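Participant: give me a 3D structure for the following:
(one chain, ligands or ions: 2)
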Amino acid sequence: MAETITTNSGEEKKVLNFVEQIVADDLKEGKNGGRLNTRFPPEPNGYLHIGHAKAICMDFGVAERMGGPCNLRFDDTNPAKEDTEYEQAIKRDIHWLGYDWGDRLYYASDYFPRLYEFAIDLIKRGLAYVDDQTSEQIAEQKGTPTQPGVESPFRNRSVEENLDLFERMNKGEFDEGARVLRAKIDMASSNMHFRDPIMYRIIKKPHWRTGNKWNVYPMYDFAHGQSDYFEGVTHSICTLEFVPHRPLYDYFVRLLAGDKAAEYCPRQIEFNRLNLTYTVMSKRKLLQLVKEHLVDGWDDPRMPTICGLRRRGFTPQSIKNFLNDIGYTKYEALNDISLLEHSIREDLNKNANRVCAVLNPVKVVLTNYPDDREELIDMDNNPEQPDAGVHKMPFCREIYIERDDFMENPPKKFFRLTPGKEVRLKGAYIIMCTGCIKDDEGNVTEIQCTVDFDTLSGTAGSDRKVKGTLHWVSARHCKEATVRLYDRLFAVENPSAESERDFRELLNPDSLKVLDNVKIEPYLAEVAHVEDKFQFQRIGYFCVDPDSTPDRLVFNRTISLKDSWAKKNK
Ligand code: ATP
Ligand code: MG
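Facilitator: Ligands and ions are numbered 1, 2, ... in the order given. Okay, here's the model as predicted:
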């Protein structure tokens, strides 16, 4: 988005994206009295996902950078699907992303009386009529882009009859689906949205804000443009699928505003939606995953929802950086999820402290290290941050290392622990493996090593180099934790393109593995709070889950240190 470049003359210049360029031109021309006002218009029928974040960063971002407010408007026109649970979640997620609507919180339902009055006005002007046909019949008569539609037999009802029927629709005299109110425009229009679009339908469910006051509800297309107009929105930024709706919104606003539309009419600008590989972005499908318990709720760390990404360990900045990198265009695209993963890896590499955790532990006994001796080793918190300092990690005769860091009969080029060979314990000593103990089934239960006491890191003897460095924790001091290893939710690159198969069959069966016997260094157990992020040395980035208790921390793997899918896909 608005990055700065330095010109040849050394001047700092802002680079505008195409939306900002349009806004800048409008402001320069003095349109709308030089005012800028954007809005973000979610329907409270689901949780926000990263696609919405792309819209939010645009709507709030343009307003912030170019000087104007951004409204939050809930497009709550369908009581059958909406709820305040969603409203609350949406507000929480926008705030978490770092944006605020101030006192500019609106609801399309606040405009129901004005929209209803406007509908009555259109009936009186002969521009709207009640149609008694079913929605299937109406759809059949719509025609195709190359073939004109068929006019409804109810199209030429008298104004009186239309007024009477519409009022009775709203009084609740008719069943859902029995009648609709349609705009009388042009059944032969080349724009399908002009072929007598539906303005109102009957819904007999209580609305979460207006209760049982209404029995008819405006369609999104009859509410959206006018809501923008009522609020004084100057630039109505949305996604490309709304391009063909734009003339219809302008049509209604012009009918509503009359001559005043010449001075002020919201301007719609469209950009490409975000689509990501290995996930789905449709609210309907995400709702299905939640309802059918295929994931663990809207904030399951595998979900592309904002609260899911948050729980997974993503930061607002990493999401914004990703959105900046892919940019805003006029072309539909499918973006690689590895770009998003790269963005959080970069952020956490810079900002997450390093700690030791052993996910799949095996015990190592250091046979020449006195049983009654303990020492505290200095461990760097973050080599990327000069001021991050160190913390202490206890060392003693018994430690844990990762089971797969040891092999009794290794292949060539195995530079980790194996009998007769040396490795360095991160931050501590070089040790030499002298043997191991196995159970009846041949599983290694204990590894024996000796310590070279002259090699402590940070002392003169630390110069001696060995090929492998392992992370470890003290067996006597470590705490136990649970780790959830998350991976991509879908096994295929573009689940939405697989029209032959139900998207639920395409889920990645290995998207979650739970490890219950993880050993963590005591410092980590002491400092970790919910949502804190750490790098587990040599493993990846992990975030503290709200399921953590005082006795046991739960960590979610945000992302491994390296992109393991890049290898798989080769
Ligand atoms: P629905 O099918 O229920 O309308 P929706 O995802 O469009 O789903 P809205 O609540 O209407 O949900 O979306 C609010 C805003 O977010 C809209 O302006 C829409 O254009 C934008 N938006 C939704 N999905 C994406 C996406 N994938 N990329 C960018 N913007 C999006
Ligand atoms: Mg929508």
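Participant: going by C-alpha atoms from here, please, whenever you check contacts or count neighbours.
Facilitator: Fine.
Participant: neighbours around Leu470, how many?
Facilitator: Using other CA atoms under 10 Å, Leu470 is surrounded by 17 other residues.
Participant: hey, what's it bridged with?
Facilitator: Leu470 has these beta-bridge partners by DSSP bridges: Leu425.
Participant: same check, this time on Glu446
Facilitator: Residues in beta-bridge contact with Glu446 (DSSP bridges): Lys363, Ile437.
Participant: list the residues that contact it.
Facilitator: Contact partners of Glu446, counting by CA atoms under 8 Å, 6 or more residues apart in numbering, are 362-365, 436-438.
Participant: what's the end-to-end length of stretch 491-505?
Facilitator: 9 Å (CA to CA, to the nearest Å).
Participant: tell me the buried residues in it?
Facilitator: If you call a residue buried by 16 or more other CA atoms under 10 Å, then stretch 491-505 has these buried ones: 491-496, 503.
Participant: between those, which sits nearest ligand 1?
Facilitator: Ranked by distance to ligand 1 (CA to the nearest ligand atom), the buried residues of stretch 491-505 are led by Ser496 at 12.7 Å.
Participant: hang on, that closest one in a strand?
Facilitator: No. The assignment for Ser496 (DSSP: H, G, I helix; E, B strand; the rest coil) gives helix, which keeps it out of a strand.
Participant: residue contacts, the residue nearest to it when sequence neighbours are not counted?
Facilitator: Nearest in space to Ser496, with sequence neighbours left out and distances taken as CA to CA, 6 or more residues apart in numbering, is Val280 at 6.7 Å. By CA under 8 Å, 6+ apart, the contact list for Val280 reads 286, 304, 495-496.
Participant: quickly find the element holding Val280.
Facilitator: Using DSSP states H and E, Val280 maps to neither a helix nor a strand.
Participant: is Tyr400 in a helix, a strand, or coil?
Facilitator: Three-state assignment for Tyr400 (three-state DSSP): strand.
Participant: excluding chain neighbours, what is closest to it?
Facilitator: Lys363 is the one closest to Tyr400 (CA to CA, 6+ apart), at 4.6 Å.
Participant: residue contacts, the one you found?
Facilitator: So Lys363 contacts 398-401, 445-447, 475 (CA under 8 Å, 6+ apart).
Participant: show me which residues of this structure sit near ligand 1.
Facilitator: Residues of the chain lying close to ligand 1 (CA under 6 Å from any ligand atom) are 41-43, 51-52, 54-55, 238-239, 273-275, 283.
Participant: next, count neighbours for Trp565.
Facilitator: Per other CA under 10 Å, the neighbour tally for Trp565 reads 11.
Participant: quick one, phi/psi of it?
Facilitator: Here is the backbone geometry of Trp565 (degrees, to the nearest 10): phi -80, psi -30.
Participant: roughly how far does it sit from Val492?
Facilitator: Distance from Trp565 to Val492, by CA to CA: 12 Å.
Participant: show me where pLDDT drops low in this structure?
Facilitator: For the chain, residues meeting the criterion pLDDT under 70 lie at 1-13, 567-570.
Participant: apply 80 and report the result again.
Facilitator: Where the chain drops to pLDDT under 80, the residues are 1-15, 460-461, 563-570.
Participant: now do the domain split for it, please.
Facilitator: 19-271, 283-353+481-568, 357-471 (automatic domain parsing).
Participant: mind checking how far the second one is from the chain centre?
Facilitator: Okay, so that is domain 283-353+481-568. For domain 283-353+481-568, the separation from the chain centroid amounts to 10 Å (computed by CA atoms, centre = their mean, to the nearest Å).
Participant: and the helices in this protein?
Facilitator: Using DSSP state H, the helices of the chain run over 18-29, 50-66, 84-97, 112-124, 135-140, 159-171, 220-231, 246-257, 283-291, 306-312, 316-326, 337-351, 522-527, 564-568.
Participant: counting by contacts, list what the first one packs against.
Facilitator: Right, helix 18-29. Judged by 3 or more CA pairs under 8 Å, 6 or more residues apart in numbering; DSSP states H and E, helix 18-29 is in contact with helix 50-66.
Participant: neighbouring contacts of the helix it packs on?
Facilitator: Applying CA under 8 Å, 6+ apart, the external contacts of helix 50-66 come out as 2, 20, 24, 36-40, 69-70, 94, 97, 99, 237-238, 273-275, 281, 304-306, 320, 323.
Participant: return the set of buried residues in it.
Facilitator: Buried residues in helix 50-66, counted by 16+ other CA under 10 Å: 50-63.
Participant: nearest to ligand 1, of the contacts of Glu446?
Facilitator: Nearest to ligand 1, judged by CA to the nearest ligand atom, of the contacts of Glu446 is Val362 at 45.2 Å.
Participant: I'd like to know which of the helices of the chain is closest to Tyr106.
Facilitator: helix 220-231 (8.5 Å; CA to CA).
Participant: okay, the angle between the closest one and helix 246-257?
Facilitator: 50 degrees (axes from the mean of the first three to the mean of the last three CA atoms, to 10 degrees).
Participant: for helix 220-231, which positions count as buried?
Facilitator: Quick answer for helix 220-231 (16+ other CA under 10 Å): 220-229, 231.
Participant: what do you get for stretch 402-416?
Facilitator: Neighbour counts over stretch 402-416 (16+ other CA under 10 Å) mark 402-403, 405-406, 415-416 as buried.
Participant: and that stretch, how far out from the chain middle?
Facilitator: On the basis of CA atoms, centre = their mean, stretch 402-416 sits 39 Å off its chain's mean C-alpha point.
Participant: alpha carbons only: can I get it in PDB?
Facilitator: What follows is stretch 402-416, C-alpha atoms only, in PDB (Å, rounded to 0.1, in the frame of the first residue of the first chain):
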ATOM      1  CA  GLU A 402      14.900 -35.100  20.900                       C
ATOM      2  CA  ARG A 403      14.500 -38.800  20.200                       C
ATOM      3  CA  ASP A 404      15.300 -38.300  16.500                       C
ATOM      4  CA  ASP A 405      18.500 -36.400  17.400                       C
ATOM      5  CA  PHE A 406      20.000 -39.800  18.300                       C
ATOM      6  CA  MET A 407      20.700 -42.800  16.100                       C
ATOM      7  CA  GLU A 408      22.500 -46.000  17.000                       C
ATOM      8  CA  ASN A 409      23.300 -46.900  13.400                       C
ATOM      9  CA  PRO A 410      23.100 -43.700  11.500                       C
ATOM     10  CA  PRO A 411      23.400 -43.200   7.800                       C
ATOM     11  CA  LYS A 412      26.400 -41.100   6.500                       C
ATOM     12  CA  LYS A 413      26.100 -37.300   7.100                       C
ATOM     13  CA  PHE A 414      24.100 -37.800  10.300                       C
ATOM     14  CA  PHE A 415      25.800 -35.100  12.400                       C
ATOM     15  CA  ARG A 416      23.700 -35.500  15.500                       C
END
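Participant: I appreciate the help and will end here.
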